[in-house]
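Visitor: Provided below for reference: sequence and predicted model.
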Amino acid sequence: MLKSYLPILVFAVLGLTVGGAFAMLNHVIGPRRSKRSTAASMRQSEPYESGIPVQASHGLRFGVSFYLIAMLFILFDIEVVFLYPIGVILKDADSLFVLGELVAFVVLLLVAFVYVWRKGALNWR
């Protein structure tokens, strides 16, 4: 019974050993922080976010179209993911019912896409 837990124990010990070794190596050869901070060192330690200031001012506003396109991308991306399982079983499925479901799903997806397109949600203003 205990032999079945031996690989888990070995893996845990190995993981802790490697993790500890990397942590100690980082502590030994990693960069040191200076005791006094200058304006240049503070600027260098800030994360860079594609030209957008990290601490946004109150006047910085994003357009609604940005969020709308992002949500539509996520929506259609998730719907397309549902096509993969159908593609996997379609070769082995001998039923026209599966093919009918696939066609109905794609038609509904295209109807939704045309509706969003006609409403102008994909136009970048």
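Guide: Everything's here; your move.
Visitor: so the most centrally placed residue in the chain: helix, strand or coil?
Guide: With distances taken as C-alpha atoms, centre = their mean, the residue of the chain nearest its centroid is I74 (10.5 Å). Secondary structure for I74, judged by DSSP: H, G, I helix; E, B strand; the rest coil, is helix.
Visitor: in this protein, which spans are helices?
Guide: Ranges of helices within the chain are 6-29, 39-45, 64-81, 83-89, 96-119, based on DSSP state H.
Visitor: tabulate these (TSV), appending mean pLDDT.
Guide: What follows is the helices of the chain, written out as TSV (pLDDT from 0 to 100):
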stretch	mean pLDDT
helix 6-29	95
helix 39-45	75
helix 64-81	82
helix 83-89	81
helix 96-119	86
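Visitor: could you report the neighbour count for L6?
Guide: Using other C-beta atoms under 10 Å, L6 is surrounded by 9 other residues. Yep, even glycine has a C-beta here, placed from its N, CA and C like the rest.
Visitor: please apply the same query to L16.
Guide: By other C-beta under 10 Å, the residues close to L16 number 10.
Visitor: for it, give its distance to I8.
Guide: 13 Å (C-beta to C-beta, to the nearest Å).
Visitor: then W124?
Guide: In this view, W124 and I8 are 52 Å apart by C-beta to C-beta.
Visitor: please apply the same query to L110.
Guide: 49 Å.
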